[in-house]
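>>> Need a 3D model of the sequence below.
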Amino acid sequence: EEYGRVASETGAAPDASAREEHGRVASEEGAAPDASVREEHGRVASEEEIVIDGEGCYAIPGLVDLHFHGCKGYDFCDGTKEAIGKIAEYEASVGVTAISPATMTLPVNELEEILAVAAEYRREAEADRIGIKAGAPGRDLECTQAEAKCEEAAKCEGTVAKCGEAAKCEGAKECRVKAAADLVGVNMEGPFISEAKKGAQDERHIISCDADICRRFLDASEGLVKFVGIAPERNQNAVEFIREMKDKVHISLAHTNADYDTAMAAFDAGADHAVHLYNAMPAFTHRTPGVVGAVSDSSHVHAEMICDGVHIHPAVVRATFKMLGAERIVLISDSMRATGMPDGQYTLGGLDVNVADGRATLVSNGALAGSATNLMECMKTVVKKMGIPLETAVACASGNPAKCLGIYDEYGSIAPGKRGNVVLLDPELKLKAVVKDGVRIR
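As a prediction, this is how the structure comes out:
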């Protein structure tokens with residue numbers, strides 16, 4: 001991007017400029033004029049630079065959603081590579097370029113199968129990235145003899161298709177465009193949770209936290225599971241579980257009815273994450289601060305927040321930013337399969353959900369059942385309706401989740417050597433372009 005507003009590592013900085021070069025983000029000075037061309041796991045450096053006119057726009061990093069369930073009629077727990085692929089395509093199209101979907105509370109064997117499918121999907125996606133094998137249908141867009149700067153390439157429809165228009169670009173060369181978000185993790189929201197705060201989870205499959213079962217999840221996912229949620233008050237061995245597993249996976253407090261002391265004991269033992277703060281946990285009051293108070297007093301803990309305008313009042317969002325500091329807040333969508341779809345009846349974790357006017361609720365009891373809003377729209381809501389500065393909201397939806405996932409060396413900011421995932425927004429924050437791995441996909 002050039003002549004636009006470029007996001008710094010902490011968010012969107014006005015009146016700066018940068019260039020993006022074939023999948024790597026270049027410094028303001030650009031690349032060396034005689035650099036050789038090479039491809040490195042989907043990132044290509046070249047003596048030529050790609051310039052997208054972003055005049056008057058903000059350039060922000062591709063967002064990272066570390067907690068959501070699905071979109072476009074698909075759910076991660078459908079347990080198919082097709083579902084993951086369709087979800088990844090949609091997320092990339094709205095500027096979310098890295099994803100860590102969440103599981104629901106399901107039988108252990110079923111969760112293992114879902115995680116194994118996710119691991120297989122990631123293996124294939126990584127193979128596609130480095131050109132070992134062709135992409136699976138519905139995920140990749142291959143343009144042969146296509147110059148990355150050719151905007152026609154981004155207009156190709158279909159799966160692994162030949163882009164005739166792209167081949168007409170002068171000086172064209174081989175490239176592969178992956179028009180889908182990268183699967184970078186899995187967030188296990190169950191099954192080690194509380195019946196009292198089950199929300200839209202199926203209580204028939206709730207179990208006590210168990211280190212052996214947890215290791216089965218990690219093994220099935222081939223390390224893709226990054227977070228495992230527990231309700232410490234429900235589990236007498238919660239502290240021992242946390243101490244045993246904390247160096248293998250992040251332990252989060254999720255769907256929990258824990259009081260302040262119990263939550264503090266969990267955080268002191270090594271838990272370092274809180275799932276959708278305020279939702280599916282005790283209320284934060286002046287005499288019973290609960291999980292929220294414990295999060296506030298535990299400086300190493302990151303807290304997710306669903307800022308769709310439904311789950312948390314804007315005043316509470318603003319107060320939480322003041323209480324925790326922006327560096328500890330992770331914006332999530334918690335979106336379910338109705339996201340990007342018309343109002344109607346859908347399912348979440350096997351339970352029927354009604355979606356109307358952007359609000360998803362269980363048919364059985366009216367409880368909130370995730371959101372019907374993608375992370376990009378949540379980020380915009382934080383800025384336009386909740387009064388949080390754009391650069392802060394961007395960091396909380398990109399850099400912070402990338403740090404939590406351990407992928408900040410490649411994702412979450414615009415910096416030399418990182419993946420070239422950049423989103424252009426106009427002054428009204430409308431999406432103008434999405435660049436994935438240095439290639440414009442929208």
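>>> residue boundaries of the strands in the stretch 301-442 of the chain?
Along the stretch 301-442 of the chain, counting by DSSP state E, counting those that start in this stretch, strands occupy 302-306, 329-332, 344-348, 351-356, 359-362, 368-371, 422-425, 431-436, 439-440.
>>> Now do the fifth one: everything it contacts.
Put plainly, it is strand 359-362. 200, 310, 336, 338, 346, 348, 351-354, 367-372 (C-beta atoms under 8 Å, 6 or more residues apart in numbering). Just so you know, the C-beta spots here come from the backbone N, C-alpha and C atoms, and that holds for glycine as well.
>>> Only the buried subset of those, as a PyMOL command please.
In PyMOL syntax, the buried subset of those is picked out as below (16 or more other C-beta atoms under 10 Å):
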select buried, resi 200+310+336+338+346+348+351+353+354+368+369+370+371+372
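>>> The closest residue to K380 other than its chain neighbours and R440: what is the separation?
Of all residues not flanking K380 in the chain, L429 sits nearest, at 4.9 Å (C-beta to C-beta, 6 or more residues apart in numbering). Counting by C-beta to C-beta, to the nearest Å, the gap from L429 to R440 is 19 Å.
>>> Can you point out the buried residues in stretch 311-319?
Burial within stretch 311-319, assessed by neighbour count using 16+ other C-beta under 10 Å, is assigned to 311-312, 316-317.
>>> can you check stretch 78-94 too?
So, applying 16+ other C-beta under 10 Å, buried residues of stretch 78-94: 78-79, 81, 83-94.
>>> how far is that stretch from where the chain is centred?
Computed by C-alpha atoms, centre = their mean, to the nearest Å, the chain-centroid distance of stretch 78-94 equals 12 Å.
>>> go on, stretch 249-269?
23 Å.
>>> now the end-to-end length of that stretch.
13 Å (C-alpha to C-alpha, to the nearest Å).
>>> what about that stretch, average pLDDT?
For stretch 249-269, mean pLDDT is 98.
>>> in that stretch, what counts as buried?
249-260, 262-267, 269.
>>> same check, this time on stretch 325-332
Result for stretch 325-332 [16+ other C-beta under 10 Å]: buried residues 326, 328-332.
>>> need these in CSV with pLDDT and distance to A59, can you?
Shown next, in CSV, are these (pLDDT from 0 to 100; distance: C-beta to C-beta, whole Å):
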residue, pLDDT, distance to A59
A326, 98, 20
R328, 98, 25
I329, 98, 22
V330, 98, 22
L331, 98, 19
I332, 98, 23
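>>> nearest to S299, of those?
For these, the residue nearest S299 by C-beta to C-beta is R328; the value is 7.7 Å.
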